[in-house]
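Q: structure for the following, please:
(2 chains)
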Amino acid sequence: MTNVIPSAETVVIISGFAFIYMLALLRKTLKGKFDLYDFLMLSMVAILPAGFALFPSLAYLISHLTGVVFPFVVMFGALFLVVFVFMHNMTERLHKLEQQNWSLIQEQSLLALELKRQKSRGADT
Amino acid sequence: MITTDLDVADPGPGSAAAQAGQPRILLIIPCYNEEASIGDVLTQIARTGRRYHTLVVDDGSTDATAAVASERSPVARLPQNLGIGGAVQAGIKYAARNAYDFCIQIDGDGQHDPREIDALLDAYQRQSANIIIGSRFIDNAGFRSTRLRRLGSRLIGLTLNNLFAGSRITDPTSGMRLLDRHAIAFFARRYPVDFPEPISLAWAMRAGLRISEAPVEMRARETGVSSIDGLKTVNYMIRVLGYILLARLARQS
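A: Numbers count the residues shown, from 1 in each chain, chains lettered A, B, ... in the order given. Predicted coordinates for the structure are as follows:
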């Protein structure tokens, strides 16, 4: 296992980015633009690099356990996995919303037709 | 022949026709920007002498389709364009909720001759089926589309016939079809969004509904152009065959 420790500048830049990015995410979540799940998944873009920079020994241990030579490859692999899971769930949610939208539009038009029919019946009697 | 002398003015579930035990038939006419042809279609339906109930489903048209149609028929106006699947399913839901015995889908572009509806009803009387498709390719008479599209339709038919036992479909993309109560109840719950004509057949067969065909003649569309042409045909074929395969796998799992 190699033990190249990230420089102080790298740790500061990555931690700074993680802090600012997560603050921005938190702000949007509090405003209701994201839910907790979105917040958690999007936070991974900050949490994973920060984790690898702040705890390099953990990064090397994971890369050793997974058999991947370079820790940054493991990090990008993990990020890719998070993005894929996020996209998978988002596609599912979009499809569900599309179906709900489809049904609502149909129901609205059928209700409008029914109302019109009842009105014309009321006018006849 | 199935008697169709119904009271058009009162399509409600408790109508005199329903009480008299006559079958109640709804013609579903999905339309998208068909102001030039929908009036003629409704006139032709009236000229058949059969007093079918009609429902025009205006699929978010930007022209005067709804205004023209509403002079002669109830119109369900979808505020947004859902595509043919969404429009047809809205009509099927209407048929299910108003306890129609049959619903028959015909296009609003004038391709389907309303006089051929009798052929579907007669076929239903003769054959034990839940869905009767009006097929252009049994008698090979009238308008039969381009050679490429006929080839595509044949390939889809072959796939359906080979993957689902007991079917002999020659015109899986025909938009003229009759549904009985079982098929109405089935499709009111779930209807395909993409490529509804062939995929709905796969879903129906997967659910154990029986499908048959009756020979009909169709005409070239009076107005507008088909949305499936050129390279889109290849895309259409690949996706339709994929969906059919999915339907078959879903039955196995």
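Q: touching, residue B:50 and residue B:117? I think so.
A: Yes: assessed by Cβ atoms under 8 Å, residue B:50 is found in contact with residue B:117 at 7.3 Å. Using the backbone N, CA and C atoms, a C-beta is placed for each residue, glycine as well.
Q: if you count surrounding residues, which of these two has more?
A: Legend: neighbour count by other Cβ atoms under 10 Å in any protein chain shown for residue B:50 and residue B:117, higher for residue B:117 (25 against 20).
Q: burial measure for the residue nearest to that one when sequence neighbours are not counted, as a count.
A: Distances taken as Cβ to Cβ, 6 or more residues apart in numbering or on different chains place residue B:104 nearest to residue B:117, at 5.8 Å, with adjacent residues excluded. Neighbour count for residue B:104, taken as other Cβ under 10 Å: 27.
Q: before we move on, what about the one 5 residues further on?
A: Residue B:109 is flanked by 25 other residues according to other Cβ under 10 Å.
Q: before we move on, the earlier item: can you pull the phi/psi pair for the residue nearest to residue B:117?
A: Phi and psi for residue B:104, reported as degrees, to the nearest 10, are phi -130, psi 120.
Q: same check, this time on residue B:168
A: phi -130, psi 70.
Q: likewise for residue B:103?
A: phi -130, psi 140.
Q: secondary structure element for residue B:33?
A: Per DSSP states H and E, residue B:33 falls between elements, in no helix or strand.
Q: how much space between it and residue B:241?
A: Using Cβ to Cβ, to the nearest Å, one gets 29 Å for the distance from residue B:33 to residue B:241.
Q: and what of residue A:57?
A: Per Cβ to Cβ, residue A:57 is found 53 Å from residue B:241.
Q: now swap in residue A:46 and tell me
A: 44 Å.
Q: who are the packing partners of the helix or strand hosting residue B:149?
A: Assigned by DSSP H and E, residue B:149 belongs to helix B:147-163. Judged by 3 or more Cβ pairs under 8 Å, 6 or more residues apart in numbering or on different chains; DSSP states H and E, the packing partners of helix B:147-163 are helix B:196-206, helix B:231-252.
Q: could you point out the longest helix of chain A?
A: Scanning chain A for the helix with the most residues, using DSSP state H, yields helix A:71-124.
Q: state the mean pLDDT of that helix.
A: Here helix A:71-124 scores 91 as its mean pLDDT.
Q: before we move on, back to that, could I get the pLDDT score of the residue nearest to residue B:117?
A: Each residue has a pLDDT score; the one for residue B:104 is 97.
Q: then residue B:11?
A: Residue B:11 is assigned 44 on the pLDDT scale.
Q: what about the helices in chain B?
A: B:16-19, B:38-47, B:65-69, B:84-97, B:117-126, B:147-163, B:181-189, B:196-206, B:231-252.
Q: tabulate these (a markdown table), appending mean pLDDT.
A: Listed next are the helices of chain B as a markdown table, based on pLDDT from 0 to 100:
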| stretch | mean pLDDT |
| --- | --- |
| helix B:16-19 | 48 |
| helix B:38-47 | 94 |
| helix B:65-69 | 95 |
| helix B:84-97 | 96 |
| helix B:117-126 | 93 |
| helix B:147-163 | 86 |
| helix B:181-189 | 96 |
| helix B:196-206 | 93 |
| helix B:231-252 | 83 |
